[in-house]
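A.B. asks: Sequence isn't available, so here's the structure alone:
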């Protein structure tokens, strides 16, 4: 951060367990990928290779090398895990992740029919060799609306007890499912119930691909809330929101406003 004399919220430095920023790579050009990571490595904790893009990316190894060089962790999207489950090729998924030097993996059931208890068994099994990020919520807007908030809380707790490092709440890369409605409206009641439960919010990562979602969670939980599905073009925008350097949060951390520093 450049010296300015301003009083800004404290941001933990890497490696950190809260205040995480997770970018999603939906297939951005390789040079843009590398420029973004090199220029902002101190601000990026993880890059997720979205859904099954890693299977067809012709520059995957080059991107991974860039991440490793700049000490940014990575994992493949949970949808890819679900594809291997569908084809009953879990052993091959282990091999795939090991081949690319993964230390983290994401386990989800947002698309396929897989009970949360069966998902929890996968979490326990994979936790022996990887650090597991699990995801709760459906990619179907209709199905997500049918999951009662008490079930969200139950599933999150079940995943954590099974060995998940942190649990991601689904919103998709478009912010139109899971914790959001199909029109992008935030499901305030659902999020409030999760936050007010016994689950520590540091154990959660909220998908927030839009400025509206990012601002909401920063206002609600402070600068060091864990946020995911951040587009590659949005890293500096998010960090300025976290620090009160953008209109949307400019007064949030000033005297008379909320202070989370």
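C.D. replies: Yes, it's here. This structure is a prediction, so every number in the text was calculated from the model and none was measured.
A.B. asks: and stretch 182-189, what's its mean pLDDT?
C.D. replies: Mean pLDDT, stretch 182-189: 90.
A.B. asks: quick one, phi psi at the residue sitting nearest the centre point of the chain?
C.D. replies: Taking Cα atoms, centre = their mean, the centroid of the chain lies closest to residue 228, which sits 3.0 Å from it. With angles defined as degrees, to the nearest 10, residue 228 sits at phi -130, psi 170.
A.B. asks: what bridges to it?
C.D. replies: residue 207 (DSSP bridges).
A.B. asks: got a list of what it touches?
C.D. replies: 20, 22, 24, 46, 48, 168, 205, 206, 207, 208 (Cβ atoms under 8 Å, 6 or more residues apart in numbering). Quick note: C-beta positions are derived from backbone N, CA and C, even for glycine.
A.B. asks: That one and residue 210, how far apart?
C.D. replies: 12 Å (Cβ to Cβ, to the nearest Å).
A.B. asks: Same check on residue 89?
C.D. replies: On the measure of Cβ to Cβ, residue 89 and residue 210 end up 35 Å apart.
A.B. asks: Confidence-wise, which helix or strand of this protein is lowest on average?
C.D. replies: Across the helices and strands of the chain, mean pLDDT, DSSP states H and E gives its lowest value to helix 141-145, namely a mean of 84.
A.B. asks: so how far is that one from its chain's centroid?
C.D. replies: 20 Å (Cα atoms, centre = their mean, to the nearest Å).
A.B. asks: Following element in sequence after it, please.
C.D. replies: Per DSSP states H and E, helix 141-145 leads on to helix 149-162 as the next helix or strand towards the C-terminus.
A.B. asks: List phi and psi for residue 131.
C.D. replies: phi -90, psi 120.
A.B. asks: ok, it touching residue 107?
C.D. replies: No. Applying Cβ atoms under 8 Å as the test, residue 131 and residue 107 come out as separate, 11.2 Å apart.
A.B. asks: So which of those two has more stuff around it?
C.D. replies: Counted by other Cβ atoms under 10 Å, residue 131 and residue 107 do not tie: residue 107 has more neighbours, with 25 against 16.
A.B. asks: From residue 14, how far off is the more buried one?
C.D. replies: 24 Å.
A.B. asks: cool, residue 169 as well?
C.D. replies: Residue 169 is 23 Å from residue 14, by Cβ to Cβ.
A.B. asks: Compare these two (neighbour count), which wins?
C.D. replies: Neighbours per residue (other Cβ under 10 Å) separate residue 169 from residue 14, with residue 169 holding more: 20 against 15.
A.B. asks: which residues touch the more buried one?
C.D. replies: Counted by Cβ under 8 Å, 6+ apart, residue 169 has contacts 135, 136, 137, 152, 156, 178, 179, 194, 204, 205, 206, 207.
A.B. asks: Over to residue 72?
C.D. replies: 37, 41, 44, 45, 46, 47.
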